[in-house]
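Chemist: can you look at this prediction? I've put the sequence above it.
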There are 2 protein chains.
Amino acid sequence: MDTERFEKQLAFILEADKEKNILRQTHLSGHGRRENDAEHAWHMAMMIYLLKEYSNEEIDVAKAMMMALIHDVVEIDAGDTYAYDSKGLESQKEREERAADRIFGMLPQDQRDELRALFEEFEEAKTPEARFARAMDNFQPLLLNNSNGGADWKVHHVSKNQVVGRHCTTGLGSEEIWQYTKAIIDEHVRKGNIRSE
Amino acid sequence: MDTERFEKQLAFILEADKEKNILRQTHLSGHGRRENDAEHAWHMAMMIYLLKEYSNEEIDVAKAMMMALIHDVVEIDAGDTYAYDSKGLESQKEREERAADRIFGMLPQDQRDELRALFEEFEEAKTPEARFARAMDNFQPLLLNNSNGGADWKVHHVSKNQVVGRHCTTGLGSEEIWQYTKAIIDEHVRKGNIRSE
């Protein structure tokens, strides 16, 4: 064993532990507390495996799962940006690139390059794995929020246009899950949990 | 899309959400709060991908990762059994088998059988994937506990025999990581965080 290499890997793994303290806007099922990044990523990776039959394209499952597991690691420095916070979204890219330099930079060079590439691939949605992982990034919180009667939409006074604008990228990864998503959104518009305009 | 099939898959995914509320004895790095099952599984799956070069045998990475992601799902019904709780360990097997029947039983039959088999394979450590996933199941909390000055061992007055007895199975998955583990254990025995007998 190359101990120097191993200890770089361990340093990254220990740094990633901090994701467990980064809270998202989504709440756990059963109207629970706010979810953290590590829990969200765990759920997404499991969903990639279980729902892969609905992907529009064949995917390399291990690659898509790893992409899901690490896609939020930059939030250790950059923080979570709520999907409907337009001001935060403006500076998000720059903050996240700086964080990626530092955090992936803890790894040995080959894995630094590999994980950085996985992270960028996810962001750019340019491969089947990235498109399906991003569909799960949308669908996982929607599933929780739906189970909680749409409470997360309600409290933020979110409009149908905003919700569709975010979730429409689900269709790039899975047309079938996007159709299912649309029906859920329409139901919450009908119930008044999402503003109709 | 077969909606009945899809909704069975979603029911399982939503049920699994409850793992986020099951606390382990391990504490997060930085002397943080107790870790939950979902966070532990996320960390393990990431470690499988990043540390696979140390596996004694070639592994199917997606399979090993999924095994890690779901290995504690039975604790939703059966609760977490601390690795050094000999009384709890006696009834653990039966409690977990009942839980596996109910929880994996929510899935469509093919996936129920597949995940149940993955779960049993992990428990029995009879394949390369299971042996490496189990090594990560040991090494992940050791890494956190080591970063916290061995506080989790100290508070439970754990002996070297107990710690070695638990962690020696790491060697079945990765001889190199087991050697590294032994050095960490010895250091904590020297410092008095683990009882020497």
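Modeler: In hand now; what should we look at? Because the structure is predicted, anything quoted here is derived from the model rather than measured.

Chemist: contacts and neighbour counts: CA atoms only from here.
Modeler: Will do.

Chemist: all strands for chain A, in order.
Modeler: Remark: strands of chain A, listed N- to C-terminal, are A:23-27, A:34-36; assignment by DSSP state E.

Chemist: any idea which of those strands gets closest to chain B?
Modeler: Chain B lies closest to strand A:34-36 among these, at 8.5 Å (Cα to the nearest Cα).

Chemist: name the residues that touch that closest one?
Modeler: Counting by Cα atoms under 8 Å, 6 or more residues apart in numbering or on different chains, strand A:34-36 makes contact with A:19-28, all of which sit outside it.

Chemist: among those, which are within reach of chain B?
Modeler: A:20, A:28 (Cα under 8 Å from any Cα of the partner chain).

Chemist: can you say which of the contacts of strand A:34-36 are buried?
Modeler: Burial by neighbour count, judged by 16 or more other Cα atoms under 10 Å in any protein chain shown, picks out A:19-20, A:22-28 from these.

Chemist: quick check, nearest of the residues you listed to residue A:97?
Modeler: Sorting those by distance to residue A:97 puts residue A:19 at the head of the list, at 16.7 Å, by Cα to Cα.

Chemist: so that closest one sits against residue A:37, correct?
Modeler: Yes. The pair residue A:19 / residue A:37 is scored as a contact, 5.5 Å apart, by Cα atoms under 8 Å.

Chemist: thinking again about what came up before, same list (the contacts of strand A:34-36) but as JSON lines, adding pLDDT.
Modeler: Putting those into JSON lines (pLDDT from 0 to 100) gives the following:
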{"residue": "A:19", "pLDDT": "97"}
{"residue": "A:20", "pLDDT": "98"}
{"residue": "A:21", "pLDDT": "97"}
{"residue": "A:22", "pLDDT": "96"}
{"residue": "A:23", "pLDDT": "96"}
{"residue": "A:24", "pLDDT": "95"}
{"residue": "A:25", "pLDDT": "93"}
{"residue": "A:26", "pLDDT": "96"}
{"residue": "A:27", "pLDDT": "97"}
{"residue": "A:28", "pLDDT": "98"}
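
Chemist: now render the contacts of strand A:34-36 as a markdown table, adding distance to residue B:62.
Modeler: As requested, the contacts of strand A:34-36 are arranged in a markdown table below (distance: Cα to Cα, whole Å):
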| residue | distance to residue B:62 |
| --- | --- |
| A:19 | 22 |
| A:20 | 23 |
| A:21 | 26 |
| A:22 | 26 |
| A:23 | 27 |
| A:24 | 27 |
| A:25 | 29 |
| A:26 | 27 |
| A:27 | 28 |
| A:28 | 26 |
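
Chemist: on that earlier part again, list just the nearest of the buried ones among the contacts of strand A:34-36 to residue A:62.
Modeler: residue A:19 (20.8 Å).

Chemist: ok, the closest one - contacts?
Modeler: Applying Cα under 8 Å, 6+ apart, one finds that residue A:19 lies in contact with A:36-38, A:72-73, A:75-76.

Chemist: any idea how far it is from residue B:144?
Modeler: Distance check for residue A:19 against residue B:144: by Cα to Cα, to the nearest Å, it reads 14 Å.

Chemist: again, but for residue A:75
Modeler: Taken as Cα to Cα, the span from residue A:75 to residue B:144 is 20 Å.

Chemist: what does residue A:81 give?
Modeler: Between residue A:81 and residue B:144 the computed distance is 27 Å (Cα to Cα).

Chemist: the more surrounded of those two?
Modeler: The neighbour count for residue A:81 versus residue B:144, taken as other Cα atoms under 10 Å in any protein chain shown, is higher for residue B:144 (23 against 17).

Chemist: quick check, the more buried one in contact with residue A:13.
Modeler: No. The pair residue B:144 and residue A:13 fails to qualify as a contact (Cα under 8 Å) at a distance of 9.8 Å.

Chemist: what pLDDT is listed against the closest residue to chain B within chain A?
Modeler: Closest approach between chain A and chain B, counting by Cα to the nearest Cα: residue A:62, at 4.3 Å. Residue-level confidence at residue A:62 comes out at 97, pLDDT.

Chemist: give me the neighbour count for the nearest residue to it once chain neighbours are set aside.
Modeler: Taking Cα to Cα, 6 or more residues apart in numbering or on different chains, and ignoring the residues beside it in sequence, residue A:62 has residue B:62 as its nearest neighbour in space, at 4.3 Å. Burial of residue B:62, expressed as a neighbour count using other Cα under 10 Å, amounts to 21.

Chemist: gap between the residue positioned nearest the centre of chain A and residue B:142?
Modeler: Central residue check for chain A by Cα atoms, centre = their mean: the C-alpha nearest the mean position is that of residue A:137, 3.7 Å away. For residue A:137, the distance to residue B:142 under the criterion Cα to Cα works out to 30 Å.
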